[in-house]
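In: got a structure for you, letters missing:
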């Protein structure tokens, strides 16, 4: 990714990191903002692609379960980006519930 930037951009980043603690120059801050936006664009696209692939694999697993249980409509789920996102969030970021040890509130 580093070499996707021009020599000038790489030099500006290197020199800024080595010599500047707080950016006070409007010109320098404008240039740095442009470079940071490029970085975010490059990283963001790759990050989103990676997240989508993980979510797709998780969703595919759940779709296969549903199909085995006889839910024919589950074939449509794998084409639904919202379902793929939800499955990823539910599978990776929300802790599983241990049904055996679940206690009812009285």
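Out: Received it, and whenever you're ready, just let me know what you need. Nothing here was measured: the structure is a model prediction, and the numbers come from that model.
In: Which helix or strand lies directly C-terminal to the biggest helix by length in the chain?
Out: Longest helix in the chain by number of residues (criterion: DSSP state H): helix 26-68. Beyond helix 26-68 on the C-terminal side, the first helix or strand identified by DSSP states H and E is helix 74-77.
In: Now do residue 50, the pLDDT please.
Out: The model reports residue 50 with a pLDDT of 84.
In: roughly how far apart are it and residue 56?
Out: Distance, residue 50 to residue 56, by Cβ to Cβ, to the nearest Å: 11 Å. Bear in mind the C-beta positions are built from the backbone N, C-alpha and C, glycine included.
In: between those two, who's got more neighbours?
Out: Neighbour count, other Cβ atoms under 10 Å: between residue 50 and residue 56, residue 56 has more, with 15 against 10.
In: Would you mind listing the residues in contact with that one?
Out: Counting by Cβ atoms under 8 Å, 6 or more residues apart in numbering, residue 56 makes contact with 78, 84.
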